[in-house]
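S.K.: What shape does this take:
(chains A and B)
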Amino acid sequence: MTVELANTCETQDQDALIAQSPLSIRGLTVSYGEKPAVFSVDMTVKPGQMTAIIGPNGAGKSTMLKAALGIVPPVSGRVQVFGRALDEQRARIAYVPQRASVDWDFPTRVIDVVLMGLYRELGLLGRIKASHRAKAMDCLDRVGMGDFAERQIGQLSGGQQQRVFLARALAQGADLYLLDEPFAGVDAATEKAIISVLKSLREAGKTVVVVHHDLATVTEYFDNVFLINTRRVAEGTVAEAFTEATLQVAYGGRLATTQVDQLARA
Amino acid sequence: MLLDALLLQLGYNATLVAIGAALLGTAAGITGTFLFLRKRALVSDAVSHATLPGVCIAFLLMAAFGADGRNLAGLLLGSAVSAGIGLWCMNWLTRNTRLAEDAAIGAVLSVFFGFGIVLLTVIQILGVGRQAGLEGFLLGSTAGMLYSDALVIAGGGALSLLMILLTRRPMTLVAFDPEYAAARGLPVERIDMLMMGLVMAVTVVGLKIVGLILIVALLIIPAVTARFWTERSDHVVLLAGLFGGLASYVGAALSASAPNLPTGPIIVLVSFGFFALSLFLAPNRGVLAAVMRHMRFQRRVHLRQGLLALAQGQAIYESLTLRLLRRAGLVRADGVATERGKARASKALRDERRWEIVRGDMAHEAAAALYDGLRDIETVLTQDQIVEIDRRIGGPREVLS
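M.R.: Okay, here's the model as predicted:
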């Protein structure tokens, strides 16, 4: 009897958790061909915090994020955003794709890319007004790219391109920010600029989820981690889930024991 | 004669063709730009070749039911249906098999075109109706263009342009960053289909004037030409419309100015003329500009290296460097620095030091991005900023006893 009672309580807690969660994923499986890249993964992102998605190369980190957003069609799984269906909540999500996913010789200027973030506000035929421009400029200033507004995007360095992508996401004024490897191949100055923007978003009560590859900075940057290697390995606060044991499982033999030891203690 | 043609003084048919061609060229240039930006230019070639079986089948059907087999609206409807089937086959092949898009394009293009040619031969053998004129759809034929034909072209072109005006933002977003567009909830596949639908409409409408083999030129060349002149996608769209319209108008006029000049091919050649001019003469992306930029860059590198060598008392071995320094009056014939040369050299060395500070300071990031080892620092920073940097470097001070 008591056991059953406890179980119902637990389910209710679960439901409440999912309803509050900015992003909850249940049983998500994504497959390229017959080999699942992500298998039956559950994830419950905590509101107002910064979460890192970590795992070795090919572990399905980016794929999971893309499937959660419907960019890649999942084989199965349910995704809820702030307790409701994804499509009802699109306006509250800002996605920052990997820098390498676009052609930087595309004929467009930095300011035009940021204005794409205002797509919903502009509508199909609305004119771009001074207020839109001012908003875009403000977002560029926040990532330290204000002086680059009129430049051709092809002239930017990798780090600068990444910051322009972040500025475009900021322009959306979303509540949930999903970033795919924003620190990959960027300079130290860009990394600092991005992390300070993300922290300011957290202070404003926004939720940030980052696909991250650099284990050395996890403890410094994030509140929570989600470890994945096709399946979910661990999920929780950095102290709970970012341990020697979980890393060993996620990375298998790919990390030296001493390395894991250092990271877990850091 | 050509002037008469350009001023629409060559009679009713020539005028009709010139105006129709200009409208078609504008619509094709603008529509094709989105295809070009999406990097799917060749899809239009498959779509256009896939129209041929439709034209033939429509002709046969209309002839069989006793109607005039050459009714343009009927033929265009047929071509649209078979182009749509071709497009669907291509999408299916790319999505559901391991074939890449280029292979799917090749397969669809050749099979549909081959089938069309077979049907064309059958029609000739059968001798049904008055088949003369169907071959005109291959390379276009404007000789017998009717007022109603021009209306069909104008209407189709205008409708395509209206659709583009409505959907230019989502189409640009999908072309630049399809993943981001999908994350924002845009129906990427449907937008791509709409784009292809518009291309199909322009192709079908253009069959009469340029023919199905050459319509791809009208879709793609204006966009590529426009890209040479601007770095903004909205300007590429407008310029492509302008280039496309102008080339078609001039081409149609040219072909009307002498007997037996084919309209479609002449339009394509004029369009290519604009492309070639842009390729060489465009200010930033043009070939000539690139060559000149490289030569100027090389001279600046040599001058700068020479000045730095002078400042540090190193010998200069490169003859180009010495020649440039001499010509600028910075060294004498024997290779010794003049007074002006010494001043410039020490300035160059000091700028190196200043740049080091600028590049190490996030506050100067925009300026630092312009660093190329060549620029005078005052072209990038204000006098106040330079004074501030010099304060940090610390200048030579007088020794006080």
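S.K.: Residue numbers of the stretch 1-150 of chain A in contact with chain B?
M.R.: A:66, A:69-71, A:87, A:90, A:93, A:95, A:97, A:101-103, A:106-109, A:112-113, A:116, A:119-120, A:122, A:124-125, A:144, A:147-148 (C-beta under 8 Å from any C-beta of the partner chain). (Each C-beta comes from the backbone N, C-alpha and C, glycine too.)
S.K.: What about the nearest residue to residue A:222 once chain neighbours are set aside? Give its phi and psi, please.
M.R.: Take residue A:222 and drop its neighbours on the chain: the residue closest to it by C-beta to C-beta, 6 or more residues apart in numbering or on different chains is residue A:52, 4.3 Å away. For residue A:52, the backbone dihedrals are phi -100, psi 130 (criterion: degrees, to the nearest 10).
S.K.: and if you look at residue B:347?
M.R.: When read as degrees, to the nearest 10, the backbone of residue B:347 gives phi -60, psi -40.
S.K.: residues in contact with it?
M.R.: When the contact criterion is C-beta atoms under 8 Å, 6 or more residues apart in numbering or on different chains, the partners of residue B:347 are residue B:376.
S.K.: Next: the one 4 residues further on.
M.R.: With contacts taken as C-beta under 8 Å, 6+ apart, residue B:351 has the following neighbours: B:376-377.
S.K.: Which of the helices or strands spans it?
M.R.: Here residue B:351 is covered by helix B:339-359, with elements defined by DSSP states H and E.
S.K.: buried residues in that helix?
M.R.: Along helix B:339-359, these residues count as buried under the neighbour rule (16 or more other C-beta atoms under 10 Å in any protein chain shown): B:341-342, B:344-345, B:348, B:350-351, B:354-355, B:357-358.
S.K.: got the contact list for the next helix or strand after that helix?
M.R.: If you walk from helix B:339-359 toward the C-terminus, the next helix or strand you reach (DSSP H and E) is helix B:365-368. By C-beta under 8 Å, 6+ apart, the list of residues contacting helix B:365-368 from outside reads A:144, A:147-148, A:189, B:358-359, B:361, B:380-381.
S.K.: same thing but 6 Å
M.R.: Counting by C-beta atoms under 6 Å, 6 or more residues apart in numbering or on different chains, the neighbours of helix B:365-368 from elsewhere in the structure are A:147, B:358-359, B:380-381.
S.K.: who are the neighbours in contact with the residue lying closest to residue A:241 once chain neighbours are set aside?
M.R.: Spatially, and ignoring its direct neighbours in sequence, residue A:241 is nearest to residue A:234 (4.0 Å; C-beta to C-beta, 6+ apart). Each residue near residue A:234 by C-beta under 6 Å, 6+ apart is listed here: A:227, A:241, A:246.
S.K.: now do 8 Å
M.R.: With the criterion set at C-beta under 8 Å, 6+ apart, residue A:234 makes contact with A:225-227, A:240-243, A:246, A:249-250.
S.K.: Out of those, which sit inside strands?
M.R.: Filtering the contacts of residue A:234 for membership in strands, criterion DSSP state E, returns A:225-227.
S.K.: Up against chain A, what does the stretch 301-401 of chain B have?
M.R.: Where proximity means C-beta under 8 Å from any C-beta, the interface of the stretch 301-401 of chain B facing chain A comprises B:362, B:365-366, B:369.
S.K.: Swap in 6 Å and give it another go.
M.R.: By C-beta under 6 Å from any C-beta of the partner chain, the residues of the stretch 301-401 of chain B that approach chain A are B:362, B:366.
S.K.: shaky segments in the stretch 301-401 of chain B?
M.R.: Per-residue confidence of the stretch 301-401 of chain B (counting by pLDDT under 70) places the weak regions at B:395-401.
S.K.: hmm, back to that, buried ones among the residues of the stretch 1-150 of chain A next to chain B?
M.R.: Burial of these was assessed by neighbour count (16+ other C-beta under 10 Å); the buried members are A:66, A:69, A:71, A:90, A:93, A:95, A:97, A:102, A:106-109, A:112-113, A:116, A:119, A:122, A:144, A:148.
S.K.: So which of those are in helices?
M.R.: A:66, A:112-113, A:116, A:119, A:122 (DSSP state H).
S.K.: Reformat these as TSV; add pLDDT.
M.R.: Listed next are these as TSV, based on pLDDT from 0 to 100:
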residue	pLDDT
A:66	95
A:112	95
A:113	96
A:116	94
A:119	89
A:122	86
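S.K.: and the two most separated of the contacts of helix B:365-368?
M.R.: Using C-beta to C-beta, those span at most 14.9 Å, a distance reached by A:147 and B:359.
S.K.: quick one: buried residues of stretch B:315-329?
M.R.: Across stretch B:315-329, burial judged by 16+ other C-beta under 10 Å covers B:316, B:321-322, B:324-326, B:328.
S.K.: for stretch B:294-313, same thing?
M.R.: For stretch B:294-313, by 16+ other C-beta under 10 Å, it's B:299, B:301-311.
S.K.: Among the residues you listed, which one lies nearest to chain A?
M.R.: The shortest approach to chain A among these belongs to residue B:301, at 19.7 Å (C-beta to the nearest C-beta).
S.K.: Just give the nearest non-adjacent residue to the closest one, would you?
M.R.: The nearest residue in space to residue B:301 (C-beta to C-beta, 6+ apart) is residue B:374, at 6.5 Å.
S.K.: Adding distance to residue A:163 and secondary structure, write the buried residues of stretch B:294-313 out as TSV.
M.R.: Supplementary listing: these in TSV, determined by distance: C-beta to C-beta, whole Å; DSSP: H, G, I helix; E, B strand; the rest coil:
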residue	distance to residue A:163	secondary structure
B:299	35	helix
B:301	30	helix
B:302	35	helix
B:303	35	helix
B:304	31	helix
B:305	34	helix
B:306	38	helix
B:307	35	helix
B:308	33	helix
B:309	38	helix
B:310	40	helix
B:311	37	helix
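S.K.: residues in the stretch 101-250 of chain B within reach of chain A, list them.
M.R.: If contact is defined as C-beta under 6 Å from any C-beta, the residues of the stretch 101-250 of chain B in contact with chain A are B:166, B:173, B:176-177, B:179-180, B:182-183, B:185, B:231-233, B:236.
S.K.: Now, those residues that are in helices?
M.R.: Secondary structure assignment (DSSP H) places B:166, B:173, B:176, B:179-180, B:182-183, B:233, B:236 from these within helices.
S.K.: Just among those residues, which is most surrounded?
M.R.: Neighbour counts for these, by other C-beta atoms under 10 Å in any protein chain shown, peak at residue B:236, which reaches 29 neighbours.
S.K.: ok, is the helix or strand where residue B:14 lies in contact with chain A or not?
M.R.: Secondary-structure assignment from DSSP H and E places residue B:14 in helix B:12-37. No - using C-beta under 6 Å from any C-beta, we find that helix B:12-37 stays clear of chain A, coming within 7.0 Å at best.
S.K.: And the next helix or strand past that helix?
M.R.: helix B:43-49.
S.K.: Could the C-alpha coordinates of that following helix be exported in CSV?
M.R.: Output of helix B:43-49 as CSV, limited to C-alpha atoms (Å, rounded to 0.1, in the frame of the first residue of the first chain):
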residue,chain,number,x,y,z
VAL,B,43,17.8,21.9,-60.2
SER,B,44,16.2,24.4,-62.6
ASP,B,45,18.0,22.6,-65.6
ALA,B,46,16.3,19.3,-64.7
VAL,B,47,12.9,21.1,-64.2
SER,B,48,13.2,22.7,-67.6
HIS,B,49,14.2,19.5,-69.5
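S.K.: Alright, that wraps it up for me.
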